[in-house]
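Engineer: only geometry, no sequence info:
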């Protein structure tokens, strides 16, 4: 349904009805902000990055060739912008080896345990080298399949699969240790 709505809105905008762009924004604002948040972990910055993505989308609307779904094109444009933005103004990353130290600062209350684990996983993902982190964010957190992630990243599917494999190996090596440290602290 949104694919036909997207096409209709794009055609209306290109025909001069700029108010039709509002439909695109309404449909895709939440997903673009969520994707930006997964890149930067800062809600305010994510909203600004998504706003910039919409501005660039509007300016580049005529370049959408319709050989891929509008959403795929939109997410590719946004992912490229988000990566560029993070290179320009990097987020503060924590080294994988330093994550265990963060556990000491965590609350031991039961209702925060799951949130602590999620934060630890997100920090571990953020600490991955960018080429692996981008693939993980798109595939796992934004729930893109490999073809969509590869299109968004501008890489062959095999490269995305290899990066996902390597990222999982890096995380697999660190997360059990970190989760074990968390469980040991919870048991005290």
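Structural biologist: Perfect, I can see it now. Remember, predicted model here, so these are calculated numbers, not experimental data.

Engineer: hey, let's count contacts and neighbours off CA atoms from now on
Structural biologist: OK.

Engineer: Walk me through the domains of this protein.
Structural biologist: The chain breaks down into these domains under automatic domain parsing: 2-88, 96-187.

Engineer: how far is the shortest one from where the chain is centred?
Structural biologist: This means domain 2-88. 14 Å (Cα atoms, centre = their mean, to the nearest Å).

Engineer: Give me the phi and psi for residue 68.
Structural biologist: Per-residue torsions, residue 68: phi -130, psi 160 (degrees, to the nearest 10).

Engineer: try residue 65
Structural biologist: Torsion angles, degrees, to the nearest 10, at residue 65: phi -90, psi 0.

Engineer: so how many other residues sit close to residue 75?
Structural biologist: Residue 75 has 24 neighbours, counted by other Cα atoms under 10 Å.

Engineer: need the contact list for it.
Structural biologist: 32, 152 (Cα atoms under 8 Å, 6 or more residues apart in numbering).

Engineer: can you pull the buried residues of the host helix or strand of it?
Structural biologist: Assessed by DSSP states H and E, residue 75 sits inside helix 70-88. Of the residues in helix 70-88, 70, 72, 73, 74, 75, 76, 77, 78, 79, 81, 82, 83 count as buried by neighbour count, 16 or more other Cα atoms under 10 Å.

Engineer: can you put these in a markdown table and add pLDDT and distance to residue 44?
Structural biologist: Output for the buried residues of helix 70-88, formatted as a markdown table (pLDDT from 0 to 100; distance: Cα to Cα, whole Å):
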| residue | pLDDT | distance to residue 44 |
| --- | --- | --- |
| 70 | 92 | 26 |
| 72 | 89 | 24 |
| 73 | 92 | 24 |
| 74 | 93 | 21 |
| 75 | 91 | 19 |
| 76 | 90 | 21 |
| 77 | 93 | 20 |
| 78 | 93 | 16 |
| 79 | 91 | 17 |
| 81 | 92 | 16 |
| 82 | 91 | 14 |
| 83 | 88 | 17 |
